[in-house]
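**Q** I would like to see how this sequence folds:
(chains A and B)
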Amino acid sequence: MRERTDEDLMIAYAGGDMEAFELLYNRHRGPLYRYILRLAGDAVTANDLYQGCWEKMIKARARYNPAAPFRAWMYRIAYNHVMDYFRLNRPVADRSIDELAAAGAGPEEQLINEDQRAQLQAAIDRLPAAQKEVLLLKLESGLDLQSIADITEVNRETVKSRLRYAVDKLKKMQ
Amino acid sequence: MTTDHRDQQAEQELEQELEKLRSMLSGPEAMEPPDLLDQAVLNTARREIEQRGARRGKRGPLRWLGAFTTAAVIVLALSIVIQQEQPIPLPAANEADGLKLDSDKAADLVVEKRADAFRARTQSSPAPALEDVMTEEPAALKEEQEEEALPDPELWILRLMQLKESGQEDKLAEELEAFQKAFPDYPLPPKLDY
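**A** Predicted structure coming up:
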């Protein structure tokens, strides 16, 4: 049997199908959480923001238009939610390396790649906010450039340019 | 090498770089939401669906009523507005003759309709046979005709008094006889009572 698309599942949930929501949730929980966690920098804030994002999606289910890809819709809500939070609180680029290193820390984080990952994460944290936003969206959501441009409300070339600058800086920082 | 081709190549290189970063960042399973958070989100989703179901159930079969009422009010309002906005067309000068013609036609139509109605009435209630009409003379009609022919006794008496005063004795005697024949029991004034 053909796997149900995200769009089908979201429409089914809007019609009252809870199993559809569970399937959808399990597909996206990891990438969305990591995106928010890397953007927020600490687990407590990330948890709140993550829960808030899903609540917004749940509330907006009736307005979901299946003509738009679900993933782009979801990340647009997440992006706006996180940006709203940081507009009211502190800017994204203000995170310290320690905070980032602490984010999501667990026993498995003590693996061989931990140093490498921590360094990278710290380097990402030092990027200008606009570059960090598009980079994390690209890394976690896997959306194409145009979708990211739509979410962040800039044009496609700007997204590409920001990604290019971010990648170059990360290479130099490491 | 065209510009488009160069752009495509640059994008591919960028994608490769990003893929490297992604693999470096992809870490252990701990980078996933805690179970409690999962549970909280799923509970919210379930509660929303249940609440919506409850709201629907509460509204029940009358939920169409609101929409129906709104539509009815809109239709009513529109019809009132349309009726008020339609001006009564005034005839142009060159249409006056046409209107007169129309009113003549209408009058003719009314006459024709009345005639039709009369014909229908007479056809639906069959006329009495010709013999019956010829032989029968309703008694009531006869009496009516007689009554209609008789003058008012008081006026008649007044006329009799005038005849007496004017000394027309012959005429008075004749009229008095006729009066007594017509109203045998009617009391006469002493002046006329012979």
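
**Q** alpha carbons only for contacts and neighbour counts from here, please
**A** OK.

**Q** what about the helices in chain A?
**A** Using DSSP state H, the helices of chain A run over A:6-14, A:18-40, A:43-59, A:70-88, A:97-102, A:114-125, A:129-136, A:145-152, A:156-173.

**Q** quick one: contacts of the third one?
**A** In this structure, residues lying in contact with helix A:43-59 by C-alpha atoms under 8 Å, 6 or more residues apart in numbering or on different chains are A:32-33, A:36-37, A:40, A:74, A:77-78, A:81-82, A:103-104, B:33, B:37, B:40-41, B:44-45, B:48.

**Q** so in the chain, where's the weakest helix or strand by average pLDDT?
**A** The chain I'm using is chain A. The weakest-scoring helix or strand in chain A, judged by mean pLDDT, DSSP states H and E, is helix A:97-102 (a mean of 42).

**Q** not what I meant, chain B
**A** For chain B, judged by mean pLDDT, DSSP H and E, that is helix B:130-135, with a mean of 46.

**Q** how about the residue of chain B found nearest chain A, what does it touch?
**A** Closest approach of chain B to chain A (C-alpha to the nearest C-alpha) occurs at B:Glu32, with a separation of 5.0 Å. Residues near B:Glu32 by C-alpha under 8 Å, 6+ apart: A:Arg29, A:Gly30, A:Pro31, A:Tyr33, A:Arg34.

**Q** now with 10 Å, please.
**A** A:Arg29, A:Gly30, A:Pro31, A:Leu32, A:Tyr33, A:Arg34, A:Leu37, A:Gly104, B:Asp38 (C-alpha atoms under 10 Å, 6 or more residues apart in numbering or on different chains).

**Q** next one: A:Pro69
**A** Residues near A:Pro69 by C-alpha under 10 Å, 6+ apart: A:Thr5, A:Asp6, A:Glu7, A:Leu143, A:Ser147.

**Q** which one (most neighbours) among those?
**A** When neighbours are counted by other C-alpha atoms under 10 Å in any protein chain shown, A:Ser147 leads these with 22 neighbours.

**Q** how much space separates it from A:Arg76?
**A** Using C-alpha to C-alpha, to the nearest Å, A:Ser147 is found at 9 Å from A:Arg76.

**Q** equivalent analysis for A:Lys59, please.
**A** Counting by C-alpha to C-alpha - A:Lys59 and A:Arg76 are separated by 15 Å.

**Q** cheers, nothing more for now.
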